[in-house]
Every structure is written in structure tokens, then in C-alpha cells.
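Enquirer: need a 3D model of the sequence below.
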Amino acid sequence: MTSDQLIGKVAACYVRDRLTEDDSTGVARYLLDCLTAEQTAAIAKAILEDSSLAQLVEIKLPVHFVGNHGLPPTVLTDERTTYFRNAACEKSALLVANTGDDEEQSLKELVPIGAQQLQAHPELWVNLAAEGLPITDQHQNWWVKALQGLLEVRSFALDRLADYILQTRQAIEEGQPILFALGVAFPALHVPKDSAFFCNLNDKTAGHLSKWKTLYAQAIKRRACYLVKQTPSQALLLGEDLLGSFDKVQDIIPENLHPTIKTFIQADSGWNKEAADLAGCEWELVKPLFDGLKREQFNLGKATLEFYDERDADLLTADERDYLARLRDNKRSEAQDEDEDFYRQHRNELKEQPALKARWDRFIFGTPIETEDFLLGIALCLEWLFDQDMPSSKRRLKITCDRRT
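Expert: Modelled structure (predicted):
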């Protein structure tokens, strides 16, 4: 079964369920909304192949849209979709397709069938995908919960969702339990394969939607980004960064994966064949490549020197540059008098880079003191204002003493 065929069968089941629930006497008019030509044709074929459903649903699809997809002439039309809003129909339902924005406003009265409607019923997808599989009712229910959790985290194009479901089915056919199969199929979601990702779930927890939602959110946010060469904070990963990381960790990555990783490093960013190939490798085996990207501990002296390197050289004296070099090479956790002197001279310039200014604030003044005592808070603020000439180390000591009293 292909992804389009699965989409077609799901849509056919969706139409059948809607007709069963609809007790009105008029003609139900359904609109295939924003689907590809391949998906639209697959839905029409699925309905025509169901003898009972074919008798209930009349199909009229634009010949220019699906005329080359093997559909019988009886379901093709040269009329615009708006023609069928009020056209006579002898069957219980009429199925048409929206193929352009110019008709969208005129088709609002028709009942849409699109990605949103089909994804709202994961049980339909699982019931069809599970046909003929050696899977228990409990595990099939877990599969439904998994898809519900996934779709609450992020919506996917129908073809990608269908691919994920079909790859999960294939993994089950190959002998994987459902909890492992869902991780094996991760590459269909553009997430690195991790066979054991869901294995900590059990009979009690696997039935809870919140558990699945949390796990899928973790996999998508913390891992999928690396395949398109971004960090979880969406910073771009450069080839030289990845190459440097690989040089550090290649000894702990299986040698047979080295060619795949090197090709990935040399490839462009974004989802492509190289990213897909890497996604097919077990995450735990390639994870060291990305662990090696962890940034070095923040160095205040180094960051400040870099800040001034991009500005007028006259902003710093030779002695101040020497001071920053010493701060860079001899990091300390508590500020001294010369640190505070530098800060006072240059705090207005540092405001141009708020993140760096915040680092200096914390270095000079220490961690902010939090108190629920309003009067104590006022006293500390006044003390800070009047004691600006007092060295920071002594000022922190004095505040600490006041807090104890």
C-alpha cells in the first residue's frame, strides 16, 4: 500500500462514517479541500472500489486536475466546482474538489474534507494500517494514542503522516513490537531513528495521551533540528563545526557509519537525501556527533574583548585591554575592585549588547536577592543606591548581614 492509497482509504471511511451519522434528507455535498491530484484521485478510486459506497456517492472531479490518473470518464467533468453547489444529484452525496483559491469563497457551504478533518480521526488510519497484522487490541489502542499525541505536538502533511504509519506497519511486519516500531519509523517524520525511544512506556503509561505527547515533543524539538543542521535553539550548524565535532568523537561512532556522516556534513542544510540517510541510522550511534557540539563555558573576558574588537579601538586603553586579557585567562567567580572599575567606565557601551551587559551585571552585583518582605526589599534597594562607591564584594557582604538581622 502506498501513502496515497492509505489516504484514499481513510477518506473513504471518513465519508462513510459521515453519511451514517447524517440523518438529513437532502444531498450531502463534500469538498476535497487542498489535496494533491494524486491524493484526490486515490480517494475517488477508494470510493469506487467500495461497492456500497459507490452507490451512495456521486463523484465529479475536474478533468484538468485528475484526468491523467486512471479515473473513469463518468467521474470527470469540465465544469467548474462552483457549478455543483446546487446541481441536481440522484445519490445521497456528491463529492467534488477545490483546486484553486478563486473558487474558495463560493464553496464555503460545502463540507470540507482535507488534512485537518482526516487527521482528527487517527483511529481510522490505525484500523486500516493494522489490517492483517499480528497486533493486539491493546497495542492498536496505543498506536491510536501515539498518533493523537503526535498530532497535538505538530501537524504534518498527509503524505508524511501516511508514510509514518506505513513504516510503523512495516516494522511490525518485520517483528518489532508496537513501542519499538513507532521509533523505527521516526525517519518518516524527519526525526532520527530510535528503536528504543518509547520502550520505557508500559501497560499503564502507554494508554495516557500526555505521555505520548511529551515524548514526541522531546524527539521533534531536541533531535529533528540536527538533521536540518540547526541546534534546538535554531542556530545554524556550520560544516566546520560538525567536522570539528566528528574529529573529536569518531572513535566512538561505528566505522560503517562514517561515510554517511561525512556525506551529511558536506551536504547543504535542510532536509535532503543526506539528512534522510543519517535519519536512518540509530540515534544512539550518531548522537556523539551532536554531543560534541556543546559550547565551551562562557568566558566574560573573551566575550568582552570580541565585543570591543568590532568597535572603535580608542574605546579601550592599553591597560584595559591587558585587564580583559587577564580576565579571559584567569576566570574568577567573584568580582574585584578592578572589575568594578572597568564596569563603571564602560557599562553604557556594554548596553549595546544586552546579553553581555547582563553577564557583567551578574558578575559585578551577584545573583539578585529575592524577598517577599516589601520593607526589606525597599531597604536593600536604598542601600544599593547609596553605596555605589563601596566595593561590590563588601556590598554583597553587608546585604547578607542585613538579611540575617
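
Enquirer: ok, which stretches of the stretch 201-350 of the chain are helices?
Expert: With DSSP state H, counting those that start in this stretch, the ranges of helices along the stretch 201-350 of the chain come out as 209-219, 225-227, 239-249, 258-266, 273-279, 283-291, 300-309, 318-329, 337-350.

Enquirer: what helices or strands is the fifth one leaning on?
Expert: Counting by 3 or more CB pairs under 8 Å, 6 or more residues apart in numbering; DSSP states H and E, the packing neighbours recorded for helix 273-279 are helix 225-227, helix 258-266. Quick note: C-beta positions are derived from backbone N, CA and C, even for glycine.

Enquirer: return the most buried member of those.
Expert: The highest average neighbour count among these, using mean count of other CB atoms under 10 Å, belongs to helix 225-227 at a mean of 22.

Enquirer: which stretches in this structure count as strands?
Expert: 28-33, 57-59, 61-62, 76-77, 93-98, 111-113 (DSSP state E).

Enquirer: a markdown table for the ones you listed, including mean neighbour count?
Expert: Converted to a markdown table, the strands of the chain look like this (neighbours: other CB atoms under 10 Å):
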| stretch | mean neighbour count |
| --- | --- |
| strand 28-33 | 21 |
| strand 57-59 | 23 |
| strand 61-62 | 22 |
| strand 76-77 | 18 |
| strand 93-98 | 24 |
| strand 111-113 | 17 |
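
Enquirer: JSON lines for the ones you listed, including mean pLDDT?
Expert: What follows is the strands of the chain, written out as JSON lines (pLDDT from 0 to 100):
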{"stretch": "strand 28-33", "mean pLDDT": "92"}
{"stretch": "strand 57-59", "mean pLDDT": "95"}
{"stretch": "strand 61-62", "mean pLDDT": "94"}
{"stretch": "strand 76-77", "mean pLDDT": "94"}
{"stretch": "strand 93-98", "mean pLDDT": "92"}
{"stretch": "strand 111-113", "mean pLDDT": "92"}
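
Enquirer: what stretches of the stretch 251-400 of the chain score poorly on pLDDT?
Expert: Residue ranges of the stretch 251-400 of the chain with pLDDT under 70: 294-297, 367-400.

Enquirer: how about the helices of the stretch 201-350 of the chain in a markdown table, adding distance to A28?
Expert: Below are these laid out as a markdown table (distance: least, CB to CB, whole Å):
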| stretch | distance to A28 |
| --- | --- |
| helix 209-219 | 31 |
| helix 225-227 | 43 |
| helix 239-249 | 54 |
| helix 258-266 | 50 |
| helix 273-279 | 41 |
| helix 283-291 | 46 |
| helix 300-309 | 65 |
| helix 318-329 | 73 |
| helix 337-350 | 67 |
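
Enquirer: from these, which stretch is densest packed?
Expert: helix 225-227 comes out most buried of these by mean count of other CB under 10 Å, with a mean of 22.

Enquirer: now that helix: how far from the chain's centre is it?
Expert: How far helix 225-227 lies from its chain's middle: 10 Å, per CA atoms, centre = their mean, to the nearest Å.

Enquirer: what does it contact?
Expert: H190, V191, P192, T231, P232, Q234, L237, W271, A275, L278, A279, F290 (CB atoms under 8 Å, 6 or more residues apart in numbering).

Enquirer: would you confirm that the last one contacts S245?
Expert: Looking back up the chat, that one is F290. Yes. Taking contacts as CB atoms under 8 Å, F290 lies within contact range of S245: 7.3 Å.

Enquirer: name the residues contacting each of the two.
Expert: Residues touching both F290 and S245 by CB under 8 Å, 6+ apart: none at all.

Enquirer: who touches G8 in this structure?
Expert: Contacts for G8 were tallied using CB under 8 Å, 6+ apart; they are Q39, A41, A42, I43, A44, K45, A46.

Enquirer: can you pull out the low-pLDDT segments for the stretch 51-200 of the chain?
Expert: 100-106.

Enquirer: the domain parsing of the protein - what is it?
Expert: Domain assignment of the chain by automatic domain parsing yields the ranges 3-118, 122-224, 237-291, 300-365, 374-404.

Enquirer: possible to save the helices and strands packed on helix 273-279 as CSV with distance to A11?
Expert: Below are the helices and strands packed on helix 273-279 laid out as CSV (distance: least, CB to CB, whole Å):
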stretch, distance to A11
helix 225-227, 30
helix 258-266, 36
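
Enquirer: off-centre distance for stretch 163-171?
Expert: That offset, for stretch 163-171, works out to 20 Å (CA atoms, centre = their mean).

Enquirer: quick check: which of the helices and strands packed on helix 273-279 is nearest to K357?
Expert: Among the helices and strands packed on helix 273-279, helix 225-227 comes nearest to K357, with 28.7 Å by CB to CB.

Enquirer: average model confidence for the closest one?
Expert: For helix 225-227, the mean per-residue pLDDT is 95.
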